[in-house]
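Trainee: Based on what follows, work out the 3D shape:
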Amino acid sequence: MNNSSLLDQLIQEVSAINPLQKKSLDQYFTQLSSEEKQGMNNFADDYISYLKKNNYTIGEIAQNYSWMCKEVLREQIYFKRNGRYRFDKLEDTYKNVYSNEGYMEKYMIGVGVSQMLWKNHHDMFSFWLKHICSVQLDKYLEIGVGHGMFFKNAIISGNFSEYWGVDISETSLAMAKDVVNDVASNKQVNFMLKDVLEVNEFDGSIDFVTMGEVLEHVEKPELLVNKIAKMLKKDGKAYISTCANAPVIDHIYLFNNIEEIRQLFYSSNLEIMDEVIICNDNTPKDQWDSERANLSYAAIVVKNK
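Mentor: Residues are numbered from 1 along each chain as shown. Purely as a prediction, here's the structure:
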């Protein structure tokens, strides 16, 4: 019987599939504090246990993650050669990704694993968790529930009386419903299969919005930011994360730098309270713009007007 943690088992499987990852994973985990490691193990226990209940083995989970990494590498090569993302229309990503149930399932599993194994995803999640645990409000809304782990932790926080999740992907919603099932009892938890731009029930009523890595997936991100501003109560807050120069198969809007993202918030009268910027390719900070560095970005914004 294997007594190692689920996370350790997963790392062993990933390292066996791709030995090149072993060194970077070892280096990454040695830098974590004991508290961060415990949080990572808790996340892994939740997520991997959920997948195992749905008949995935650790080996299959590792295979899906490794497949996703290859997909990301393919898009990075394309970006370096062409200076742009592969697609720039939502209809292309819907046809090639979102409506492809088999692709989406593998992709969502891989993204969920990256939440544990990629430093940028771990740091963004920790940034979000710090802020979500520091508030006690009424209505929570998540736009693009993805693998469901943000939504689950929002419920676990117990800091809201009502929880709403909106997504355009049936696969994502089904996965999120399964992930939160064990913590959703006796909670007001609701999901909507809909484009959030077509949702009008929440205008001026939301206390906290979470929208993780969605802006880069749409053709006109300013519409989404304006929509969030419209849905928030006065003094309502939102966690919004996105990226610049970060090619992935379903990224269609290219931010060239962080200032372009900040300007979106300012133009919607959203004030930045806190932010985090992570460089994913080790480009020196003074060369971020000239070298088109791959950057992850997240902010907590507040509606003051």
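Trainee: For stretch 23-34, what is the distance to the chain centroid?
Mentor: 21 Å (CA atoms, centre = their mean, to the nearest Å).
Trainee: Average pLDDT for it, rounded please.
Mentor: Stretch 23-34 shows a mean pLDDT of 87.
Trainee: Same check on stretch 279-287?
Mentor: pLDDT averaged over stretch 279-287 gives 95.
Trainee: Need the residues that contact that stretch.
Mentor: For stretch 279-287, contacts defined as CB atoms under 8 Å, 6 or more residues apart in numbering pick out Asn120, Ala246, Trp288, Glu291, Ala293, Asn294, Leu295, Ser296. Glycine gets a C-beta too; all of them are placed from N, C-alpha and C.
Trainee: Give me the neighbour count for the first one.
Mentor: Applying other CB atoms under 10 Å, we find 20 residues neighbouring Asn120.
Trainee: same question, the fifth one
Mentor: Applying other CB under 10 Å, we find 21 residues neighbouring Ala293.
Trainee: Dump the contacts of stretch 279-287 to a markdown table, plus distance to Lys130 and secondary structure.
Mentor: A markdown table is the format used below for these (distance: CB to CB, whole Å; DSSP: H, G, I helix; E, B strand; the rest coil):
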| residue | distance to Lys130 | secondary structure |
| --- | --- | --- |
| Asn120 | 16 | helix |
| Ala246 | 23 | coil |
| Trp288 | 25 | coil |
| Glu291 | 30 | coil |
| Ala293 | 25 | coil |
| Asn294 | 24 | coil |
| Leu295 | 20 | strand |
| Ser296 | 16 | strand |
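Trainee: mind putting those residues in TSV, distance to Gly144 included?
Mentor: Putting the contacts of stretch 279-287 into TSV (distance: CB to CB, whole Å) gives the following:
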residue	distance to Gly144
Asn120	17
Ala246	16
Trp288	26
Glu291	29
Ala293	24
Asn294	21
Leu295	20
Ser296	16
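Trainee: Out of these, grab the one that's most surrounded.
Mentor: Ala246 (24 neighbours).
Trainee: Wait, that residue touches Arg292, no?
Mentor: No: contact criterion CB atoms under 8 Å: Ala246 and Arg292 do not qualify, at 10.2 Å.
Trainee: Do you have the strands of the stretch 1-150 of the chain handy? List them.
Mentor: 139-143 (DSSP state E, counting those that start in this stretch).
Trainee: Show me where it has its helices.
Mentor: If DSSP state H, counting those that start in this stretch is used as the criterion, the helices of the stretch 1-150 of the chain fall at 6-17, 19-30, 34-53, 58-82, 90-93, 101-117, 119-132, 149-157.
Trainee: elements contacting the longest one?
Mentor: For helix 58-82, the elements it packs on are helix 6-17, helix 34-53, helix 101-117, judged by 3 or more CB pairs under 8 Å, 6 or more residues apart in numbering; DSSP states H and E.
Trainee: cool, the second one as well?
Mentor: With contacts defined as 3+ CB pairs under 8 Å, 6+ apart, the packing partners of helix 19-30 are helix 6-17.
Trainee: Now do the helix it packs on and helix 58-82, the angle between them.
Mentor: When axes from the mean of the first three to the mean of the last three CA atoms, to 10 degrees is applied, the directions of helix 6-17 and helix 58-82 differ by 60 degrees.
Trainee: Which residues does helix 6-17 contact?
Mentor: With contacts defined as CB under 8 Å, 6+ apart, helix 6-17 is touched by 2, 4, 21-22, 25, 29, 40-41, 44-45, 48-49, 58-59, 61-63, 65-66, 113, 116-117.
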